[in-house]
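Student: With the sequence up front, the predicted model follows.
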Amino acid sequence: MFFVILVVWCVIVAWLEVEIEGKDGWAKNAPTWKYKLDDSGKLWYKPFGLAQEYVEPVCGNSKRWFYTLYIKKMLGGREFTGYHRAVDVMQLFVAHLVVYLLGHDATWWNLEVRVVAFIFLSWSIEDTLWFILNPFYGIKKYKPEFIPWHANDWWWFAPKGMIILFVQGVAIYVATWGIEVFLR
C-alpha cells in the first residue's frame, strides 16, 4: 500500500507542477522568492515577484550559511525557491500521514525513517513524472540535451540526483522493515 500511495501521490504532484511551471522547469518563471549562488559562490536573493532583480540577501551568517550549503549540496547549484519549499513542506506533511496511517506496527523512530524514504522516493519519482507528463517534454525528451537544468548531472538514463534519491529511498525503506523484523 505504501508504494501504491507513493506513486499516486507522485502523479498528483507532478501533474500540479506541470500545470504551474509549464515548459520552464525549476520554477523559472514562477513569481516566487529565490536564492541563487553565482559562479564565485556569492549568495543572491530575488524577492517575491517576477519584475524584481536579484540583490545581495540581507540575512544573518547562519541563514546565509544554510542557503549556500543547501544550494550546493542538495540542489546541485540550482536555485532555492519558495515554490519548491512549499511543495517540500506539503510532501513532508503527506509523508507523515501515509507512514503513520500504514505503520501502526512500527516504532515511532522507524516510522520517521520511513518518512525519509517516502520523501526521497517521492522527489525522485515525481521529478521523473514531471517530464513524462509534461506535454513540452514527454518520455522522448527525457534526455540531457532537452533539460538544461539537469544536463550537467546526467547518469545513464536520468539525472544523478534522481537516481541517488531513488536508490537511497528504497534502501531506507527496506532497512526499516528489516529492523522491525529483527526487533521482534
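Tutor: Structure's in. What do you need? All figures in this text were calculated on a predicted structure; none of them were measured in a lab.
Student: what does the host helix or strand of residue 180 contact?
Tutor: Using DSSP states H and E, residue 180 sits within helix 160-183. Helix 160-183 is touched from outside by 2, 76, 105-107, 110, 113-114, 116-121, 123-125, 127-128, 153-156, with contacts defined as CB atoms under 8 Å, 6 or more residues apart in numbering. Placement of C-beta: from N, CA and C, glycine included.
Student: list the buried ones in stretch 175-182?
Tutor: Neighbour counts over stretch 175-182 (16 or more other CB atoms under 10 Å) mark residue 176 as buried.
Student: what do you get for stretch 35-51?
Tutor: Those would be 35, 36, 37, 43, 44, 45, 46, for stretch 35-51 by 16+ other CB under 10 Å.
Student: The third one contacts residue 44, correct?
Tutor: So the one you mean is residue 37. Yes. Contact criterion CB atoms under 8 Å: residue 37 and residue 44 qualify, at 7.5 Å.
Student: any idea how far the helix holding residue 180 is from the chain center?
Tutor: 17 Å (CA atoms, centre = their mean, to the nearest Å).
Student: Only alpha carbons, please: show it as CSV.
Tutor: Coordinates of each C-alpha in helix 160-183 appear next as CSV, following Å, rounded to 0.1, in the frame of the first residue of the first chain:
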residue,chain,number,x,y,z
LYS,A,160,22.3,11.7,-10.9
GLY,A,161,20.3,13.2,-8.0
MET,A,162,17.1,11.3,-9.0
ILE,A,163,18.9,8.0,-9.2
ILE,A,164,20.7,8.5,-5.9
LEU,A,165,17.5,9.6,-4.1
PHE,A,166,15.6,6.6,-5.5
VAL,A,167,18.2,4.1,-4.5
GLN,A,168,18.5,5.7,-1.1
GLY,A,169,14.8,5.7,-0.6
VAL,A,170,14.4,2.0,-1.5
ALA,A,171,17.3,1.1,0.7
ILE,A,172,16.0,3.1,3.7
TYR,A,173,12.5,1.6,3.3
VAL,A,174,13.8,-2.0,3.1
ALA,A,175,16.1,-1.4,6.1
THR,A,176,13.1,-0.2,8.2
TRP,A,177,11.3,-3.5,7.6
GLY,A,178,14.5,-5.5,8.4
ILE,A,179,15.0,-3.6,11.6
GLU,A,180,11.3,-4.2,12.7
VAL,A,181,11.7,-7.9,12.0
PHE,A,182,15.0,-8.1,13.9
LEU,A,183,13.5,-6.3,16.9
